[in-house]
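K.L.:
Fold the following.
(one chain, ligands or ions: 1)
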Amino acid sequence: MFEVTLVAGARPNFMKIAPMLRALRNTPFVPLLVHTGQHYDAGMSDIFFRQLGIPNPDVSLGVGSGRHGQQTARVLESFEEYLLSRPQFPKGVIVVGDVNSTVACSLAACKLGIPVAHIEAGLRSFDRTMPEEINRIITDAISDLLFVSEPSGEDNLRREGISEDKIIYVGNVMIDTLLAQLPAVERVDIRDRFGLEPSSYAVVTLHRPSNVDDAERLTALIDFLLYASERVRIVFAVHPRTRERLSSSGLINKLDNRITLSEPLGYIENLALMRQAKLVLTDSGGMQEETTFLGIPCLTMRANTERPVTVSHGTNTIVGEHITRVYEIFNQVLTEPKRRHTNIPGWDGEASQRIAATLCKRWLD
Ligand code: UD1
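P.N.:
Numbering: from 1, shown residues only. I've put the predicted structure just below:
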C-alpha cells in the first residue's frame, strides 16, 4: 500500500479528481483526498462531492476566500503542515487544473522533495493577466509528471523547455466524468426545472475577474445579454463572485423578468442544461470542453482560450477583446451554429486509467 495525496480546492477541480479516485482504486496506491476549502459553499463544493460520488475529504484545510496572495499563501502553509504531519511522506502529490490551490500545493510538495503530478498540464492562454495562467506556468515548471489533455499542451511544454520524459499525453479526465455521468444527466428533465423547450435557450455563466470585476465591462456584458434575451431565452447560473458584483452595482435589477437567474448549478443539472441548449455563453474553461464534446455551440466571452482544440476541432468561438464583436458573432452562431464533433485524442473516458497506469510505472517501479 502506497499513499498518494490528491488535492481539490475549487469547483472546477472536483470533476477532475472524481475519476482519478476511481482509477486509483485498482492500483496499489491508497489515495488520500485533501480539500483546501478554496470553495466551501454547498452549491460550489458539497453538491459536486455528492453527485460525483466523491468520498468525504480525508483532510479539510478550510482556507476559504481571500486575495490571491493571501489565499495561495494560506493553502501553501496549511498543506505543508499537513504533509509534515504525516508519519511518512506520500509517494506523490496529484494536483489538477489551474486554481490557486493547484499552484500552492504543488509548491509545498516540491519543496519537501515529494514528486508532483499535474493533471491538465500545458494549457496556455498566453495572457499573464489571468491568475490561472500564472498558476499553470508555475505548476508545470515544478511538477515531475505533466499529464496533457489536448494537443496544444505538448507543444507549449516543449517550447518552455520541459524535458520530454515528463510530458505524457493522456487525454481529458473531464470527459471521463462527463461520460460516467451521462446516464444521470439524461434522466434530468430540463422542462421540469426551468420550463424550457429543448434547443430553444442559451445557458450563461460568467465569473472571470476580467469580465465581472470591471464595472464597465460587466455593464456591457449585461447589455448584450438583454439584447440576446430578445432572440433566445436565457438561463444565467450566477457564480457567487458575479452575484456580488451584480448586486453591489445594481445591475441585477436590469435582469429582472428578462433573464432566468439561478444559483450555481450542480454538475448534473449544468450538463443536462447544456446538453439541450441552443448555445452556451461562458467564460469557463471546462464548459468550452464540455460543449465541444456534446456538440453544442459555445461562445467564449474572453479574449483568448487556453483550450484551442475546442476552436479548431470543436464548437467553440472566442469572442475576442471587444465586446461589440459579440453581437455579430452571436447572430452568426444563432443562424449557423458550429456543431462539429470530431474525436479529439484521449477524450474517450479512459484518461484517468492511463494516468493511474503511468503513476504505477513512474512512482512504484
Ligand atoms: C476560482 C478559480 C478559477 C475557477 C473558478 C471556478 C483561481 C485563481 N480561480 O475562481 O480558475 O474557474 O474558481 O469557480 O483559483 N465564493 C463563495 N463561495 C465559495 C467560493 C467562493 O461565495 O464557495 C465567493 C467569495 O466571495 C470569493 C469569490 O467567490 O471571494 C471568488 O472565489 P475564488 O475562489 O477566490 O475565485 P473564483 O473567482 O471562484
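
K.L.:
quick one: Leu364 and Gly92 touch, right?
P.N.:
No. Using Cβ atoms under 8 Å, Leu364 is not in contact with Gly92, being 9.9 Å away. For every residue, glycine as well, the C-beta is placed using N, CA and C.

K.L.:
Okay, now the unreliable bits of this structure?
P.N.:
Along the chain, segments meeting pLDDT under 70 span 341.

K.L.:
what ranges do the strands span in it?
P.N.:
2-8, 29-35, 59-60, 92-96, 116-121, 145-148, 167-169, 201-205, 233-237, 260-262, 279-282, 298-300, 316-318 (DSSP state E).

K.L.:
How about the stretch 101-250 of the chain: which residue is closest to the ligand?
P.N.:
Per Cβ to the nearest ligand atom, Pro240 is where the stretch 101-250 of the chain lies closest to the ligand, at 3.2 Å.

K.L.:
residue contacts, that residue?
P.N.:
Counting by Cβ atoms under 8 Å, 6 or more residues apart in numbering, Pro240 makes contact with Asp41, Met44, Pro264.

K.L.:
Leu84 now?
P.N.:
So Leu84 contacts Leu112 (Cβ under 8 Å, 6+ apart).

K.L.:
From the ligand, how far out is it?
P.N.:
To the ligand, Leu84 is 24 Å away according to Cβ to the nearest ligand atom, to the nearest Å.

K.L.:
what separates the residue of the stretch 101-250 of the chain closest to the ligand from Phe49, distance-wise?
P.N.:
18 Å (Cβ to Cβ, to the nearest Å).

K.L.:
list the buried ones in stretch 66-82?
P.N.:
Gln71, Thr72, Arg74, Val75, Leu76, Ser78, Phe79, Glu80, Tyr82 (16 or more other Cβ atoms under 10 Å).

K.L.:
Ignore what I typed, I meant stretch 316-333.
P.N.:
For stretch 316-333, the neighbour count (16+ other Cβ under 10 Å) marks Asn316, Thr317, Ile318, Val319, Ile323, Val326, Phe330, Val333 as buried.

K.L.:
Output the residues you listed in CSV; the columns should cover distance to Glu150.
P.N.:
Putting those into CSV (distance: Cβ to Cβ, whole Å) gives the following:
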residue, distance to Glu150
Asn316, 12
Thr317, 17
Ile318, 15
Val319, 20
Ile323, 27
Val326, 25
Phe330, 26
Val333, 22
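
K.L.:
coming back round to it: show the buried residues in the contacts of Pro240.
P.N.:
Met44, Pro264.

K.L.:
can I get the contacts of Pro240 in CSV with distance to Pro308?
P.N.:
Below are the contacts of Pro240 laid out as CSV (distance: Cβ to Cβ, whole Å):
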residue, distance to Pro308
Asp41, 32
Met44, 28
Pro264, 27
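
K.L.:
more neighbours, Leu364 and Gly92?
P.N.:
Gly92 (23 against 12; other Cβ atoms under 10 Å).

K.L.:
Find the nearest non-adjacent residue to that one, please.
P.N.:
Pro115 (4.2 Å; Cβ to Cβ, 6 or more residues apart in numbering).

K.L.:
Distance of the residue located most distally from the centre of the chain relative to the ligand?
P.N.:
Computed with Cα atoms, centre = their mean, the residue of the chain farthest from its C-alpha average is Pro87, at 32.8 Å. Distance check for Pro87 against the ligand: by Cβ to the nearest ligand atom, it reads 31 Å.

K.L.:
what's the spacing between that residue and Glu3?
P.N.:
For Pro87 relative to Glu3 (Cβ to Cβ), the value is 10 Å.

K.L.:
Kindly report the same for Ile259.
P.N.:
48 Å.

K.L.:
out of these two, which sits in the busier spot?
P.N.:
Neighbours per residue, other Cβ under 10 Å: of Ile259 and Glu3, the larger number sits with Ile259, 20 against 15.

K.L.:
partners of the residue lying closest to that one once chain neighbours are set aside in the sheet?
P.N.:
In space, and not counting its chain neighbours, Ile259 is closest to Ile234: 4.6 Å by Cβ to Cβ, 6+ apart. Ile234 has these beta-bridge partners by DSSP bridges: Ala202.

K.L.:
In this structure Arg233 contacts Tyr201, no?
P.N.:
Yes. Assessed by Cβ under 8 Å, Arg233 is found in contact with Tyr201 at 4.1 Å.

K.L.:
Can you name the residues that contact Gly53?
P.N.:
Taking Cβ under 8 Å, 6+ apart as the test, what Gly53 contacts is Ala18.

K.L.:
change it to 10 Å
P.N.:
Ala18, Leu21, Arg22, Ala180, Gln181 (Cβ atoms under 10 Å, 6 or more residues apart in numbering).

K.L.:
Could you identify the most distant pair in these?
P.N.:
Leu21 and Gln181 (14.4 Å; Cβ to Cβ).

K.L.:
Buried residues, stretch 273-287. List them.
P.N.:
Applying 16+ other Cβ under 10 Å to stretch 273-287 flags 273-287 as buried.

K.L.:
try stretch 146-157
P.N.:
Neighbour-count burial for stretch 146-157 [16+ other Cβ under 10 Å]: Leu146, Phe147, Val148, Ser149, Glu150, Pro151, Ser152, Gly153, Glu154, Asn156, Leu157.

K.L.:
Could you list the domains of the chain?
P.N.:
Annotated domains of the chain cover 2-172+347-364, 189-335 [automatic domain parsing].
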